[in-house]
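# Fold the following.
(one chain, ligands or ions: 1)
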Amino acid sequence: MALLALPFPTISGLPLPLFVLFIPFLFIGIVLSATHLYTTLRYRLSLRYYTSAPTRPTKAAPPPQIPYTIPFIGNAYSLLASPPGVFWKQLFRWHPRATGACTLLLGGRPTHFIYSPHTVQALLKARGPTRDSLNVDIARKCLGVARRDVRLYHGFGEPADAATGLTPIQQLEKMNHEFLLRSERVNELTAEFTRVLAELVAAEPCSEQGVGLCAWLATTMFRASTEAFMGRAVLEMVEGFAEDFWEFDRGFMNMLYGLPSWFMPKSYQARARLLDGMEKWHVMLRDKTKGIPDPNGGVGWDPLFGSRANRAKQQYFEARGLSLRGRAGLDLGFIFGLSSNAIPAAGWMLMHILNPEGDKTLLRRVMEEVKTAKRKDGTVDISTLVSLPLLQSVFHEILRLYVDVWVTRELKDDLVLPLDDEKKQAFFKKSGIIVAPSSLGHLDEARWLDPPSDVFCAERFLRKHPETGKTVFTLDGTTGKFYPFGGGKSICPGRVFAKQEVLGSVAMLLLAFEFEVVGFVDEQGKSRNCFPTIRNTFSGAGVMPTDGDIKVKMRRRDIKI
Ligand code: HEM
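Have a look, this model is predicted:
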């Protein structure tokens with residue numbers, strides 16, 4: 001007792017029962033202070049390596065670990081509880097950004113974050129690191145896929161299959177390559193997508209009341225892309241597909257971080273309804289069809305099975321013996337990849353083009369460009385469209401401003417990455433996790449200067465060609481600081497289709513309708529006086545959702561699409 005009494009004379013004067021009650025708080029206080037002191041000292045010592053200026057290559061050192069106060073939880077609370085971007089802004093007020101990398105303790109797991117373009121570029125090029133553990137987490141926590149199905153789907157560590165000569169991972173990569181990336185396949189998909197979108201555009205009643213533009217896109221584009229990929233039958237069998245999908249999408253990151261269902265019951269209920277409906281679709285396909293039509297055959301699109309890409313995926317599920325519930329979960333994951341980025345990207349793009357408070361000449365200039373892609377029959381020539389300089393610049397500016405993705409890799413071996421011009425290097429231990437948050441490159445104030453990084457600039461990716469004097473679109477000089485689709489062998493396999501889908505939708509809608517902006521609304525549809533911004537939600541999922549919408553009246557132009 002005397003030992004305790006010495007440093008805490010006021011406490012020792014308390015009656016014994018109160019004093020005993022106080023002991024746990026005292027203990028917690030000591031643990032928190034000791035943790036803070038120890039992690040701060042460790043940080044200060046490790047920073048020496050990062051703040052010295054070597055003239056020749058030095059031995060690689062682990063990234064400095066940011067101090068924290070609560071053991072196990074570490075930096076998780078401040079990272080996840082802050083609105084998107086705020087944690088990093090506050091961190092870089094006292095932690096030198098020039099370190100290029102740092103480590104945060106997230107729920108007991110040290111996780112390395114990198115933000116030097118050299119380091120990001122080298123990580124994306126490295127062959128060893130994989131997305132495997134993130135893919136497993138997404139399948140289990142977000143898509144509700146059973147452990148057995150996840151194991152069968154990925155087949156990690158399995159040898160090559162005798163029939164194909166490929167491991168399961170290689171089969172998946174080959175499938176993506178053949179059905180999502182080969183130009184004739186992508187063009188076929190885009191043609192299917194634009195066919196459905198044109199039907200929906202033709203049927204649009206153009207209400208005089210006005211509609212929320214992003215809300216309208218969330219239904220219309222969702223319908224067109226799902227039908228193009230998965231066929232029509234699934235949309236008929238899953239009631240309320242689009243509404244439930246967006247409710248599920250809203251809770252996706254919470255599910256990934258393991259937040260319980262009572263925290264966001266609506267998202268979990270929506271997911272359950274989607275999985276039930278999609279499982280029913282699989283039962284119908286199994287009972288009523290004679291197998292899956294050949295993805296390489298003469299039929300490009302089938303109402304029951306949809307695209308070649310989907311048929312190839314279903315054949316893989318069948319060959320791997322996945323349960324029907326597991327197939328439904330993995331299909332939902334694919335629909336998430338398909339819809340949850342491209343549709344909000346089209347929404348942000350149209351909102352900026354139509355923004356009455358933005359550049360008043362932008363709509364006219366975009367219209368002049370997209371009209372050059374209009375064929376005589378009124379349809380849009382996608383290959384012309386995707387090479388238009390201003391339209392491409394606006395699309396990439398939207399991805400720069402609004403993609404917030406954590407490109408995540410797990411290390412199978414120790415890894416050394418350059419931090420700057422290769423004089424300094426960071427060391428990462430085997431089985432560690434490295435995250436490259438896109439927003440740290442995309443919004444870096446020191447690298448996107450004129451206009452500042454947080455300002456939308458339609459012409460940001462345009463340059464005068466030195467020889468021809470023509471205005472051209474370019475991504476030169478953006479390596480390692482602009483990576484909306486990730487990179488390396490895990491780069492988004494849907495990126496070519498995404499560009500065609502977004503630019504195709506924007507052009508078709510601008511050519512079909514004259515939009516009159518009535519005003520801005522919040523998420524509840526209540527009128528407000530500012531342009532929508534990013535919803536206050538977890539970072540990391542991809543194109544960030546809006547916290548509102550612009551209300552528009554659509555009037556049909558006299559042009560056939
Ligand atoms: C603007 C639209 C899109 C953006 C910004 C985007 C972004 C990304 C990113 C950052 C990744 C992770 C890459 C990495 O770890 O290096 C990814 C993965 C993926 N994306 Fe996309 N994506 C978009 C559209 C699409 C579309 C339209 C599809 C489907 C056609 C798609 C399908 C996928 C799939 C299946 C994966 C997982 C790949 C794997 O695990 O290996 N994405 N996407």
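
# which sections of this structure are below the confidence cut-off?
The chain contains residues with pLDDT under 70 at 1-12, 53-57, 422, 558-561.

# The same query, at a cut-off of 50, please.
Judged by pLDDT under 50, the chain has its weakly predicted residues at 1-8.

# Name the residues of the helix ranked longest in the chain that are buried.
Assignment by DSSP state H gives helix 16-51 as the longest helix of the chain. Judged by neighbour count using 16 or more other C-beta atoms under 10 Å, the buried positions of helix 16-51 are 19, 35, 39, 43, 46, 49, 50. (C-beta placed from N, C-alpha, C; glycine too.)

# Contacts only, for the last one.
Going back to what we said before, that points to residue 50. The contact partners of residue 50, taken as C-beta atoms under 8 Å, 6 or more residues apart in numbering, are 61, 64, 96, 98, 99, 100, 419, 424.

# The second one contacts residue 98, doesn't it?
No: counting by C-beta atoms under 8 Å, residue 64 does not reach residue 98; the two are 11.4 Å apart.

# near the ligand, which residues of the stretch 301-450 of the chain?
Proximity of the stretch 301-450 of the chain to the ligand (C-beta under 6 Å from any ligand atom) is limited to residues 334, 337, 338, 341, 342, 345, 399, 403, 405, 407.

# again, only this time at 5 Å
The stretch 301-450 of the chain has residues 337, 338, 341, 342, 345, 403, 405, 407 near the ligand, with proximity defined as C-beta under 5 Å from any ligand atom.

# What is the burial count for the closest residue to residue 325 other than its chain neighbours?
Nearest non-adjacent residue to residue 325, counting by C-beta to C-beta, 6 or more residues apart in numbering: residue 279, 5.4 Å away. By other C-beta atoms under 10 Å, the residues close to residue 279 number 20.

# What is the burial count for residue 372?
Each residue near residue 372 was counted by other C-beta under 10 Å, and the total is 10.

# gap between it and the ligand?
When C-beta to the nearest ligand atom, to the nearest Å is applied, the distance between residue 372 and the ligand equals 23 Å.

# which ones are touching that residue?
Applying C-beta under 8 Å, 6+ apart to residue 372 gives the contacts 384, 388.

# Let me see the backbone angles for it.
Per-residue torsions, residue 372: phi -70, psi -10 (degrees, to the nearest 10).

# cool, and residue 306?
phi 70, psi -140.

# I'd say it and residue 229 touch.
Yes: under the criterion of C-beta under 8 Å, residue 306 is in contact with residue 229, at a separation of 5.4 Å.

# between those two, who's got more neighbours?
Using other C-beta under 10 Å as the criterion, residue 306 and residue 229 rank with residue 229 on top: 26 against 23.

# what does the protein have sitting close to the ligand?
Near the ligand, when you scan the chain using C-beta under 5 Å from any ligand atom, you find 337-338, 341-342, 345, 403, 405, 407, 484-486, 490-492, 494, 497-498.

# Name only those of the residues you listed that count as buried.
Buried subset of those (neighbour count, 16+ other C-beta under 10 Å): 337-338, 341-342, 345, 403, 405, 407, 484-486, 490, 492, 494, 497-498.

# Looking at the contacts of residue 50, spot the one nearest residue 546.
Out of the contacts of residue 50, the one with the shortest distance to residue 546 is residue 100. That distance is 32.1 Å, counting by C-beta to C-beta.

# Tell me how many other residues crowd residue 141.
Neighbour count of residue 141, defined by other C-beta under 10 Å: 16.

# That one and the ligand, how far apart?
15 Å.

# and whichever strand or helix holds residue 336, what other elements does it pack with?
If you go by DSSP states H and E, residue 336 is part of helix 324-339. Counting contacts by 3 or more C-beta pairs under 8 Å, 6 or more residues apart in numbering; DSSP states H and E, helix 324-339 is packed against helix 147-154, helix 213-230, helix 241-256, helix 265-288, helix 308-320.
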